[in-house]
Each structure stands twice: as C-alpha cells, then as structure tokens.
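*Asks:* sequence unavailable; structure follows:
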C-alpha cells in the first residue's frame, strides 16, 4: 500500500470509513471473494486502463488478492498467491477495465480504436472529487467523516455533464464493438461513489512524488470505498460467466 492511500500510517484518528458498505435496492452485494475472483479469471489477462483512479482501483484489487489461500480440490493442494504480484504493461488482454476521470477531456483518449486489443471491456464511469472550500491547490479539503445520505447527494453540474458524455460514448462503442465481436459493460460508479466523500486521504496521505502531506480528495483510502468497485467487478464477472454457460447449454 503506497503512502498516498495509507491514512492510518499518517494519523487519521477515525476508522468508520472502513466499515460503511453499500446496500443496493432489492438485492445484496456479496463481500469480495478473492479465491472466487481468481477462479473466474483463471488463464485470462486483465488490464486496467485509465488515469490514477484506475491505478487506485488496481492497487485495491492487489490488496484484496494478496496472500489468498485457494485450495485446488482436483489436486488436493493449497496455493498461496504472493504479495508481489507482477504489474507490467499489457499488449493484448482478454479483459480491460477502463476507469477515467481527468483524462476524459483529451481527444486522443476518446479514440475508440485503442480498445481493439481487448475482447471484453468493463467501464467504470466518471468519479467526481469531493473538494470543499476551494480546489486542491486553493485550500480545498474533504474532511467529512460520514457518507452523504441520498437526500444530501447533489452532483455538480460538470460532473453530470461528464457522466452523460460517457454514457453516450459507451452506446456508440457498443454498437461498433458488436461488429467486431467485442463486449462492453458500463458500471455506473458516479452516483454511488459521490456518496462516499468520507473515504479520501484528505490530509492523511503523503504525495507519491514528494515526502509531504497533500490534500487528496480525488483518490481513496485503502481499505475503503474503492474496494467496492472490485466487488462490483467480481459480481459482473459472475453474471457474464453465467450468461456464457446458459448460452452453451441452451
């Protein structure tokens, strides 16, 4: 865990942000099952494509998977996943998880052709920051210690604009991808993550580039709210796996 997300190391006094969980309407979101996740993605490569929030989610996933013990029932042996999982550039991937925020306005990043090397693309859409009292370089902070309630949740106008642009572009990409055998899935993370303004490093994380604290209201503590994105990812993989099995048996 890097210092930027290690708030306990640098003195955050409360820990409630680690205990809140989403309760979806009319269903339950299972806890992350590391062994099950590894079973589903067995013999597949996976790439996280995007900005530093994508890196944040990747680091969350590595933490969730570190040192998992998985028993192979067929061979009767236990396998321990090492904590130093290799992270390297992926040229061709079976799955791409694309999460972007700051890079969305860049024209080169909106080129649909850069997805051609993946068979399946899961997209987490725009995650708004939670700065109050100014921007990150103008005295802004995010010092709240409890999530928003539904009644308190009011997304900024520009956040909603980015959200709808992504939805529209996904619809276009889906139509284009079908012709090439690609599958796109969008996980709506904008509204749910907006509720969790309590889960940022704020002033309790240290810059990756300088050995100084930085007010960070864009990235997320570990463990914390961003772990839930990987719970969604596992749930989506389960659903897609069931769909494929159903189609094979139909």
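*Replies:* The structure has been received and is ready for your questions. These numbers come from a predicted model, not from an experiment. Numbering: from 1, shown residues only.
*Asks:* does residue 198 touch residue 147 like I think?
*Replies:* Yes: contact status for residue 198 versus residue 147: in contact at 5.5 Å, counting by CB atoms under 8 Å. Using the backbone N, CA and C atoms, a C-beta is placed for each residue, glycine as well.
*Asks:* more crowded one of these two?
*Replies:* A count of neighbours by other CB atoms under 10 Å puts residue 198 above the other of residue 198 and residue 147, at 21 against 18.
*Asks:* quick one: residues contacting the more buried one.
*Replies:* Neighbouring residues of residue 198 by CB atoms under 8 Å, 6 or more residues apart in numbering: 16-17, 20, 144-147.
*Asks:* distance of it from residue 160?
*Replies:* In this view, residue 198 and residue 160 are 22 Å apart by CB to CB, to the nearest Å.
*Asks:* so can I have CSV of the contacts of residue 198 showing distance to residue 134, pLDDT and secondary structure?
*Replies:* Shown next, in CSV, are the contacts of residue 198 (distance: CB to CB, whole Å; pLDDT from 0 to 100; DSSP: H, G, I helix; E, B strand; the rest coil):
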residue, distance to residue 134, pLDDT, secondary structure
16, 25, 92, helix
17, 22, 91, helix
20, 26, 91, coil
144, 15, 92, coil
145, 20, 93, coil
146, 21, 92, coil
147, 22, 93, coil
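*Asks:* derive a ChimeraX selection command for the buried subset of these.
*Replies:* Buried members of those, defined by 16 or more other CB atoms under 10 Å, are picked up in ChimeraX with:
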select :17,20,144,147
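*Asks:* and the furthest pair within the contacts of residue 198?
*Replies:* Across these, no pair lies farther apart than 20 and 144, at 12.2 Å, counting by CB to CB.
*Asks:* quick check: nearest residue in space to residue 226, chain neighbours excluded?
*Replies:* Closest residue in space to residue 226, ignoring its immediate chain neighbours: residue 220 at 3.9 Å, by CB to CB, 6 or more residues apart in numbering.
*Asks:* ok, the one you found to residue 213 distance?
*Replies:* 16 Å.
*Asks:* contact partners for the residue nearest to residue 226?
*Replies:* Contacts of residue 220 were listed using CB under 8 Å, 6+ apart, and they are 5, 56, 60, 196, 199-201, 226.
*Asks:* much appreciated, bye for now.
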